[in-house]
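**Q** next input, structure requested:
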Amino acid sequence: MNTLDGSVPPCLSLLVGTSGHRDIRPDDVPILEERVGMLLDLFRQHYPSSPLAVLTSLAEGADRLTARVALSLGIDVHAVLPMPAAYYCSDFTEPMSADEFDFLLAHCKRVIVLPLIEGVTTDELASAHVRERQYIQASLYIARNSHIMLALWDGEDSPLQGGTYYAVHARLNSSIEVEGATIDPLDPPDVGILFHIRTPRRSYPPPDYPIGMVQYHIYAHSLPQEHYEQALSMLETYNTEVRLFYDQHCAAVEHAVGGALAELGGALPSFEHLYRQFTVADMLATFYQRRTVRTFIGMFASVFAAATAFDIYAHLHHWTGKVGLWAYIAIFGIVYAWYRVARKKRFQSKWLEYRALAESFRVQLFWYVAGIEQNAAEYYLRKQKTQLDWIRYALTAAAIESHPQPGKLETFSPIHRLEFVLKHWIQAEGTYFTRTLSRDTHRLRRLDLVIDLLFVASFIIAAIQLAVPTSYAILIRLGLMPVQAGLLVGYIEKMGFHGHIKSAHFMAALYTRAEEHIKCGFVRGDLNHITALIVELGKEALREIGEWILYHRERPLEIPKG
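**A** Predicted coordinates for the structure are as follows:
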């Protein structure tokens, strides 16, 4: 769906990784193409709002077969090369193979050339061992970054490092036991859904299984199948909302993107795309935050109104009859219906998740501008990985689609890019958290003052009632004041003001220190030090947003009690 001006909604891709045998039997190609096409069509039907993108190394055989099928279906292909193309091509000895590689590479939407293993130079790429390690890196990259993986494989173990068995093993059993893995061994395994398409090798005897048979696998020792499917469904839900929101607010989004590009001083396709994704996520988070806050306020106010109606009935029913009781029942019915709608539409969950996504996009965005090629999804805390997997899926897609392409940032000096990061991220966020700290501190103080006054006033009114004839007006007021104070205490707890203040104080100080150190780095001309600070600041911001979402999840939207 395009908007009226032709702009495409900034949806996040569903990444389909692929790995397979190089020596596919020619007679098997048509049925394998049919199976791959069938699965890609199935994914598009199940996730119609999520554009597909295929990750492939474009090796001979299965990789290229999948790429050809994807391109024929109009699906984007991202090439993940284990080394620069000029060196990679030396594996393709046949002229037709090299020509096919060049053709497919030219039609890829994005080319990701993985860095050389630390300590390795391009001169060493002639070594079989070094090339093997680069292939391992490519297999791990695809296995860890794809949301769904296709394996065109015969199912047989193989000692070949970096081959299909290696990729499947990394996908289904995690990569922590695999040479070349870079993840922390204490982290939960980065695994997920895999479709195994039975594919015989040309060099092996004829198989005893149906060619092209599709088998479904997941990592069997951790989370259930429903977890992975739910993560994909939530990504699809987000993309659906992005399409609807962007269709209605395209002008506002593009205005924000245009302003950022003007500040940066030029057009960068990857920056523009990522900033558009950040802007939409930020606006959606704000939209659901307002709905959540209005729901909280409305329910607390309605409960107070219900308590008032009941108090009036309890003291004045001999004058008013059952009007107060009917009002009490009606108000609670409205509160319950309001609560059910808010829960069904996931107002609070969407606010928290979209805010976490937007803030993660912010880190990814400014890392990109600073020339930092790291995936923000790698730095969520361990305890959040299973709960926020769909957000990590989203971040992975964004990181891959914003992966720097050769020459794209060369027109901008490193100093210019880092100055942009300093102004629009570090200083802007420092100002934001300082304002937030001041605002929430004043709000909390005012609410605490009101609560204290209500308790003092209720004590004074009770004392007055002892000295004067019984008054229903006084009794009703006396009964409602503690209720009002209790509801305000509950509102403070549910809105998490104490946690907000603590977080804002920490983050304001953090960004202030970062700004000071980065300015000193500019004075010394130490750009490497500045870049290292930006990496650490991004990791800390990701940890903080992870803690923030868990803090609020402990304060779910519910009907006020007590």
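**Q** what helix or strand is Ile415 on?
**A** helix 414-421 (DSSP states H and E).
**Q** Val111 falls within a strand, correct?
**A** Yes: counting by DSSP: H, G, I helix; E, B strand; the rest coil, Val111 falls inside a strand.
**Q** for the closest residue to Pro414 other than its chain neighbours, give its distance to His424.
**A** Nearest non-adjacent residue to Pro414, counting by Cβ to Cβ, 6 or more residues apart in numbering: Leu527, 5.5 Å away. Quick note: C-beta positions are derived from backbone N, CA and C, even for glycine. Distance of Leu527 to His424, given as Cβ to Cβ, to the nearest Å: 18 Å.
**Q** show me what the strand or helix carrying Glu272 is packed against.
**A** Per DSSP H and E: Glu272 is located in helix 269-320. If you count contacts as 3 or more Cβ pairs under 8 Å, 6 or more residues apart in numbering; DSSP states H and E, helix 269-320 packs onto helix 225-264, helix 323-344, helix 347-369, helix 389-401, helix 472-495.
**Q** could you dump those to TSV with mean neighbour count, mean pLDDT and distance to Ala457?
**A** TSV is the format used below for these (neighbours: other Cβ atoms under 10 Å; pLDDT from 0 to 100; distance: least, Cβ to Cβ, whole Å):
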stretch	mean neighbour count	mean pLDDT	distance to Ala457
helix 225-264	17	89	46
helix 323-344	15	89	23
helix 347-369	24	92	33
helix 389-401	24	88	46
helix 472-495	16	83	6
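**Q** okay if I get these as JSON lines plus distance to Arg22?
**A** Listed next are these as JSON lines, based on distance: least, Cβ to Cβ, whole Å:
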{"stretch": "helix 225-264", "distance to Arg22": "29"}
{"stretch": "helix 323-344", "distance to Arg22": "50"}
{"stretch": "helix 347-369", "distance to Arg22": "34"}
{"stretch": "helix 389-401", "distance to Arg22": "24"}
{"stretch": "helix 472-495", "distance to Arg22": "58"}
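**Q** which of these sits closest to Leu12?
**A** Closest of these to Leu12 is helix 389-401, at 4.4 Å (criterion: Cβ to Cβ).
**Q** give me the residues contacting that closest one.
**A** Here helix 389-401 makes contact (Cβ atoms under 8 Å, 6 or more residues apart in numbering) with 12-15, 53, 55, 78, 110, 112, 145, 147, 227-228, 230-232, 234-235, 238, 270, 273-274, 277, 353, 356-357, 360-361, 364, 374-377, 380, 385.
**Q** angle of that helix against helix 269-320?
**A** Angle between the axes of helix 389-401 and helix 269-320 is 150 degrees (criterion: axes from the mean of the first three to the mean of the last three Cα atoms, to 10 degrees).
**Q** with just CA atoms, put helix 389-401 into PDB.
**A** Only the C-alpha atoms of helix 389-401 are listed here, as PDB (Å, rounded to 0.1, in the frame of the first residue of the first chain):
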ATOM      1  CA  ASP A 389      11.800 -11.000  20.800                       C
ATOM      2  CA  TRP A 390       9.500  -9.300  18.300                       C
ATOM      3  CA  ILE A 391      11.200  -6.000  19.000                       C
ATOM      4  CA  ARG A 392      14.600  -7.700  18.500                       C
ATOM      5  CA  TYR A 393      13.300  -9.100  15.200                       C
ATOM      6  CA  ALA A 394      12.300  -5.600  14.300                       C
ATOM      7  CA  LEU A 395      15.600  -4.100  15.200                       C
ATOM      8  CA  THR A 396      17.400  -6.800  13.300                       C
ATOM      9  CA  ALA A 397      15.500  -6.000  10.100                       C
ATOM     10  CA  ALA A 398      16.100  -2.300  10.600                       C
ATOM     11  CA  ALA A 399      19.900  -2.800  11.200                       C
ATOM     12  CA  ILE A 400      20.200  -4.900   8.100                       C
ATOM     13  CA  GLU A 401      18.200  -2.500   5.900                       C
END
